[in-house]
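[1] Quick one, fold the following:
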Amino acid sequence: MTASPQFTTRPELTGTFGMVASTHWLASATGIAVLEQGGNAFDAAVAAGLVLQVVEPHLNGPAGEVPVIGFDTGSGQPFVLDGQGTAPARATPAAFAALDLDLVPGTGLLAACVPAAFGTWMLLLERYGTLPLRAVMEYAIGYAEHGYPMLATASAAIAAVAGTFREHWPGSAEVYLAGGVPQPGSRFTNRRLAAVYQRILAEAEHAGSGRERQIEAARRAFYAGFVAEAIAGYLASADVMDVTGSRHRGLLTGDDLAGWRAGVEAPVTAEFRGLTVCKTGPWGQGPVFLQQLGLLDGLGIDDAEPGSAALIHTVTEAAKLAFADREAWYGDPRQSEVPLAALLSAEYAAARRGLVGEVASAQLRPGSPDGRTPRLPDFAVRAFEPAGPGQAGLGEPTAGVSAAELGPGDTCHLDVADQFGNMVSATPSGGWLQSSPVIPGLGFCLGTRAQMFTLTPGLASSLAPGRRPRTTLSPGLALRDGEPYLAFGTPGGDQQDQWSLAFFLNHVVYGMNLQEAIDAPAFHTDHFPSSFYPRASVPRSLAIESRVGTDVVAALRAHGHDVSVRPPWSLGRMSAVARSGGFLLAAANPRGMQGYAVGR
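    Alright, predicted model coming up:
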């Protein structure tokens, strides 16, 4: 454990029994309660994740997504759960062309993929957990039935879309506006969602006493039973207003739900400073984290001062190169060829490293792995033409209001480590209350992750039936000598693998403890195309917290960055757990005033 001479907003927690860190204190408390019951890290993660769906409904929901990365002591191996639903069978570029759309809308029903969150949590519980279904579901049911304190950010999100709810999405109004806009701190319930989970649990327990049998019955109730029937029945006739200003029907069907299952796969890995860093495959943006590490490893970062203009400039320019590759090459490797080995090779990083200069780049420069010629989506090309849009998108989660009304968007995150040596990191997202109308009788809405597809043909990220959209969700895990060392992540869409990278460098390269690394001033660029509708770019942009100081800001502007100085504690919501020196460690973000780490 690194000594901490600097003030931190919270202590770096240290113990031996278990650690949970997440973006909401109730989820963290739930996780530690499950560990106290005798559950392992995976049981705790499922219970905490289901609670996040209840207490942060503006940031995630049961019909959203949740990529998971973990280390299982039983097998001695890391794993990834691909908690990202696929595009419906009817979702084709031709279907959108028939509607005269050149982008997948960011709200409404057209952008719905197969709901993945519930099925992924069930897979994690079944394959790696130990507790019965009731033991992990009862916390979410309790908060949905009996109430929880409404977050100020959730209240503001509801207020921002209240007009849409009242005029166009009556199901959402029934749940969230029954007594007017719920005030911050007020006790809020979602009894429809509680009833859904209670019925799922009842059907599961009716299936028999076996743990695995009950979990499978719960999954079946959602994807082929009463939940799927309610979703399919609603979609069969619903014409819903979305961000385009027009009403559209969804493309998702009951057959799409019935045919989907979350899967287990190996993580993509890279070596860095004695650690094996694990990320999802290129169906997520996680490999950009590894590409950035490869670029930075030869750019003299050891000699740079943390928080200095020189370091921030170098990290930002490396991010531009890695994210440009994301736009050209990333996508679902099950359906398209992604040259990932070449993108992560030392030779490729060395060739690309020479593009990092002293002046901030104003271009989007994907590389040529294995000599291939890169192609970019149409919206990416337009953004870097002389008359490009030069404005930010609405962020994550997307809503039919301006970014100023909604505030900075993000999602959720949680990390757990237990006394047995298991570790898990998960980033639940999607199914936000702002994105799509609440489905009658269910108390939750569908996701809008298909907005991350491009309608430009022939790319790995092009829309196709059964394909996973290239998500932004990016939990992280690092191993030391084959054993779990660090689980980490943050909400924040395209910023996830920028904010988490800065945290990682602060901890691994500069020796800060977990809390110091989280507290350090954050920064990111929106130079490359947003993954969210309307897919805009802001070339040369650099957002940075004011705590870096005016001298650093001035030096970055001298490098050519278009610097936007943000409030001192406004960027990112990192959390992390670690195992080191016989102890378990944890830290969580003070930004947003709701994330918390708990452990003993």
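[2] From residue 362, how far off is the residue nearest the centre of the chain?
    Nearest to the mean C-alpha position of the chain, counting by C-alpha atoms, centre = their mean, stands residue 473 at 3.1 Å. Residue 473 is 29 Å from residue 362, where distance means C-beta to C-beta, to the nearest Å. In short, each C-beta sits where N, CA and C put it, glycine included.
[3] Equivalent analysis for residue 109, please.
    Residue 109 is 38 Å from residue 362, by C-beta to C-beta.
[4] who has more neighbours, the two?
    Using other C-beta atoms under 10 Å as the criterion, residue 109 and residue 362 rank with residue 109 on top: 24 against 12.
[5] Excluding residues flanking it in the chain, which one is nearest that one?
    residue 250 (3.2 Å; C-beta to C-beta, 6 or more residues apart in numbering).
[6] which SS class is the residue nearest to the centre of the chain?
    Following DSSP: H, G, I helix; E, B strand; the rest coil, residue 473 is assigned to coil.
[7] so it touches residue 69, yeah?
    No - Residue 473 is beyond contact range of residue 69, at 10.4 Å (criterion: C-beta atoms under 8 Å).
[8] who touches both of the two?
    Contact criterion C-beta atoms under 8 Å, 6 or more residues apart in numbering; residues shared by residue 473 and residue 69: residue 280.
[9] Tell me where the model's unsure across the stretch 301-450 of the chain.
    Scanning the stretch 301-450 of the chain for pLDDT under 70 picks out 386-410.
[10] hang on, residue 543 is in a helix, isn't it?
    No - assessed with three-state DSSP, residue 543 is strand; it does not lie in a helix.
[11] rewinding a little: what count of nearby residues applies to the residue nearest to residue 109?
    By other C-beta under 10 Å, neighbour count at residue 250 equals 23.
[12] what do you get for residue 274?
    11.
[13] and it, what is it in contact with?
    residue 480.
[14] quick one: low-confidence ranges for the protein?
    1-5, 386-410.
[15] quick one: the helices in the stretch 401-550 of the chain?
    403-406, 496-508, 514-519, 550-558 (DSSP state H, counting those that start in this stretch).
[16] Out of those, which one sits most buried?
    For the helices of the stretch 401-550 of the chain, the largest average neighbour count (mean count of other C-beta atoms under 10 Å) is found in helix 514-519, namely a mean of 27.
[17] Name the surrounding residues that touch that one.
    2, 4, 6, 8-12, 503-504, 506-507, 574-576, 578, 585-590.
[18] same question, stretch 27-37
    17-18, 20-22, 41, 43-45, 47-49, 51-52, 55, 131, 135-136, 139, 412, 414, 416, 418-419, 588, 596-600.
[19] Residue 600 touches residue 14, doesn't it?
    No - using C-beta under 8 Å, residue 600 is not in contact with residue 14, being 9.5 Å away.
[20] So those two - more neighbours on which side?
    residue 14 (18 against 13).
[21] hang on, the earlier thing: now render the helices of the stretch 401-550 of the chain as TSV, adding distance to residue 288.
    Formatted as TSV, the helices of the stretch 401-550 of the chain follow (distance: least, C-beta to C-beta, whole Å):
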stretch	distance to residue 288
helix 403-406	23
helix 496-508	5
helix 514-519	19
helix 550-558	22
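[22] Quick check: which of these is nearest to residue 347?
    helix 496-508 (21.8 Å; C-beta to C-beta).
[23] tilt between that closest one and strand 541-545?
    Helix 496-508 runs at 50 degrees relative to strand 541-545, counting by axes from the mean of the first three to the mean of the last three C-alpha atoms, to 10 degrees.
[24] who does helix 496-508 touch, helix- and strand-wise?
    helix 287-296, helix 309-329, strand 476-480, strand 483-489, helix 514-519, strand 523-524 (3 or more C-beta pairs under 8 Å, 6 or more residues apart in numbering; DSSP states H and E).
[25] if we go to 6 Å?
    Helices and strands touching helix 496-508, by 3 or more C-beta pairs under 6 Å, 6 or more residues apart in numbering; DSSP states H and E, are helix 287-296, helix 514-519.
[26] Could you dump those helices into JSON lines with distance to residue 144 added?
    As requested, the helices and strands packed on helix 496-508 are arranged in JSON lines below (distance: least, C-beta to C-beta, whole Å):
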{"stretch": "helix 287-296", "distance to residue 144": "34"}
{"stretch": "helix 514-519", "distance to residue 144": "30"}
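[27] Indicate which one of those helices is closest to residue 479.
    helix 287-296 (13.6 Å).
[28] Can you check what angle separates that closest one from helix 309-329?
    Going by the same axes, to 10 degrees, helix 287-296 makes 130 degrees with helix 309-329.
[29] How far off centre is helix 287-296?
    18 Å (C-alpha atoms, centre = their mean, to the nearest Å).
[30] now the angle from it to strand 476-480?
    Using the same axes, to 10 degrees: helix 287-296 against strand 476-480 is 50 degrees.
[31] Tell me the helices and strands packed up against helix 287-296.
    strand 268-272, strand 275-279, helix 309-329, helix 346-353, helix 496-508.
[32] Would you format these as a markdown table with distance to residue 479 included?
    Shown next, in a markdown table, are those (distance: least, C-beta to C-beta, whole Å):
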| stretch | distance to residue 479 |
| --- | --- |
| strand 268-272 | 8 |
| strand 275-279 | 4 |
| helix 309-329 | 22 |
| helix 346-353 | 20 |
| helix 496-508 | 13 |
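[33] tally of neighbours for residue 224?
    Neighbours of residue 224 (other C-beta under 10 Å): 15.
[34] these two touch, right, it and residue 259?
    No - judged on C-beta atoms under 6 Å, residue 224 makes no contact with residue 259 at a distance of 9.5 Å.
[35] gap between the residue lying closest to residue 39 once chain neighbours are set aside and residue 516?
    Spatially, and ignoring its direct neighbours in sequence, residue 39 is nearest to residue 131 (4.6 Å; C-beta to C-beta, 6+ apart). Counting by C-beta to C-beta, the separation of residue 131 from residue 516 is 34 Å.
[36] What is the burial count for residue 166?
    With other C-beta under 10 Å as criterion, residue 166 counts 12.
[37] Enumerate every residue touching it.
    The contact partners of residue 166, taken as C-beta atoms under 6 Å, 6 or more residues apart in numbering, are residue 173.
[38] now do residue 240
    Counted by C-beta under 6 Å, 6+ apart, residue 240 has contacts 108-109, 437.
[39] what do you get for residue 193?
    144, 443-444.
[40] what about burial for the contacts of helix 514-519, which qualify?
    8, 10, 12, 503-504, 506-507, 574-576, 578, 585-590 (16 or more other C-beta atoms under 10 Å).
[41] Pairing partners for residue 541 in the sheet, please.
    residue 562 (DSSP bridges).
[42] Neighbours of it, how many?
    The number of residues near residue 541, taken as other C-beta under 10 Å, comes to 19.
[43] Would you check how far apart it and residue 550 are?
    19 Å.
[44] returning to that earlier point: for residue 186, find the nearest of the helices of the stretch 401-550 of the chain.
    helix 403-406 (20.1 Å).
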